[in-house]
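1. Have a look at this fold, sequence not included:
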């Protein structure tokens, strides 16, 4: 709780610093242009963006032989989304919760469940990385106050470096070389998780290609949302800038602050300003995205509470049964 409050305070300070420099009127002006229909379209695009991720996880589980109803997968995914949205400071909290929920709610082996969320994360990072690279190149080419030589050096260096790391990851996956051991030196469960991951990352596996396509679809939905908001703000058909704006969204959520408060606003202010779309418009963009995503996160929070109560009840029942058996032996 202390960590959450600390990061939240940091986010509030960052947001206050930005508003103090930009001015609230500059932020409020583009927000006034939004109509109810505009807000509804943004809400629907955000729903597609989030639920495509849930569908990808469902496909991964199905590829592992776990036939779980899609509705149940969506509920667990939304609950994990809420945990990530409100408490990102707990690294891998979302993944650990989903894997534990699969075990407790669907009786799926923990190793298989953990493998599913790690596969989901790998596919997510892959698509996010390509968007960040594309958005970074567009930012360097279209951004103001950046020399041509600096743009070329930064573009070649960043693209080459990140593609090398990504290629190294997938080479190890397809060659079935250890990945988990980079992070965990233990035995037993780690090897089971790794084996599940190796079985998924095979070119002959249809679920692998479906996961890739859904990851691409999720990124396209995010870019479409960015483009729609920019258009509704009266900034025209800014298709290429929308890729950069969505890339900066991915960068912002790497900062472990609840709802990316402050970090997303500042990064979008920088991106919008460099692309000639207005610093205040960038801050307004972050506010809109946060407000809409919070609606889904609140729904997920209710599910998180529901799953938490059921899990606690199950643990108490198991504990109670152990006590009764112990008393029975004594009698």
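-> Great, that's in hand. Small disclaimer: the values here were computed from a predicted structure and weren't measured.
2. And stretch 6-23, what's buried?
-> By neighbour count with 16 or more other C-beta atoms under 10 Å, stretch 6-23 contains the buried residues 7, 8, 10, 11, 14, 15, 18, 19, 22. All C-beta atoms are positioned from the backbone trio N, CA, C, and that covers glycine.
3. Kindly indicate which of the residues you listed lies nearest residue 204.
-> Among the buried residues of stretch 6-23, residue 7 lies closest to residue 204 (C-beta to C-beta), at 43.4 Å.
4. on that earlier part again, let's see which of the buried residues of stretch 6-23 end up in strands.
-> Secondary structure assignment by DSSP state E places none of the buried residues of stretch 6-23 in strands.
5. Of the residues you listed, which belong to helices?
-> 7, 8, 10, 11, 14, 15, 18, 19, 22 (DSSP state H).
6. possible to save the residues you listed as TSV with distance to residue 295 and pLDDT?
-> Converted to TSV, these look like this (distance: C-beta to C-beta, whole Å; pLDDT from 0 to 100):
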residue	distance to residue 295	pLDDT
7	22	85
8	19	84
10	24	88
11	19	89
14	23	89
15	19	88
18	23	90
19	23	88
22	25	87
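7. just the buried residues of stretch 6-23 now: which is nearest residue 80?
-> residue 7 (18.7 Å).
8. how much space is there between the closest one and residue 258?
-> 6 Å (C-beta to C-beta, to the nearest Å).
9. where do the contact lists of the two overlap?
-> Residues touching both residue 7 and residue 258 by C-beta atoms under 8 Å, 6 or more residues apart in numbering: 88, 89.
10. And for stretch 41-61, what's in contact with it?
-> 68, 70, 73-74, 77-78, 81, 98, 102, 108, 116-117, 119-120, 123-124, 200, 207, 210-211, 214-215, 217-218, 221-222, 224-225, 228-229, 232, 288-289, 292-293, 295-296.
11. And for stretch 63-77?
-> 50-51, 53-55, 57-58, 61-62, 98, 101-102, 105-106, 108, 112, 115-116, 196, 199-200, 205-208, 210-211, 303, 307.
12. List the buried residues for that stretch?
-> 63, 64, 66, 68, 73, 74, 75, 76, 77.
13. Now do the helices in this structure.
-> Counting by DSSP H, the helices of the chain are 2-22, 24-32, 36-63, 70-86, 93-106, 110-142, 148-174, 189-200, 206-232, 239-252, 263-274, 279-330.
14. Low-confidence stretches in the stretch 151-300 of the chain?
-> Residue ranges of the stretch 151-300 of the chain with pLDDT under 70: 151-189.
15. now the contacts of stretch 41-61: which count as buried?
-> For the contacts of stretch 41-61, buried by 16+ other C-beta under 10 Å: 68, 73-74, 77-78, 81, 98, 102, 108, 116-117, 119-120, 123-124, 200, 207, 210-211, 214-215, 217-218, 221-222, 224-225, 228-229, 232, 288-289, 292-293, 296.
16. show me what contacts residue 231?
-> Per C-beta under 8 Å, 6+ apart, neighbours of residue 231: 237, 238.
17. any idea how far it lies from residue 278?
-> 14 Å.
18. Closest one of the ones in helices among the buried residues of stretch 6-23 to residue 89?
-> residue 7 (5.2 Å).
19. quick one on the thing from earlier: of the buried residues of stretch 63-77, which pair is most distant in space?
-> 63 and 75 (20.1 Å).
20. Quick check: closest non-adjacent residue to residue 120.
-> residue 57 (4.9 Å; C-beta to C-beta, 6 or more residues apart in numbering).
21. What about that neighbour, how many residues nearby?
-> Residues within reach of residue 57, counting by other C-beta atoms under 10 Å, total 26.
22. do the same with the one 3 residues further on
-> When neighbours are counted by other C-beta under 10 Å, residue 60 registers 25.
23. From residue 240, how far out is it?
-> For residue 60, the distance to residue 240 - C-beta to C-beta - is 32 Å.
24. Tell me the pLDDT of the nearest residue to residue 296 once chain neighbours are set aside.
-> Nearest residue to residue 296 in three dimensions, chain neighbours excluded: residue 50, at 5.5 Å (C-beta to C-beta, 6+ apart). In the predicted model, residue 50 carries a pLDDT score of 97.
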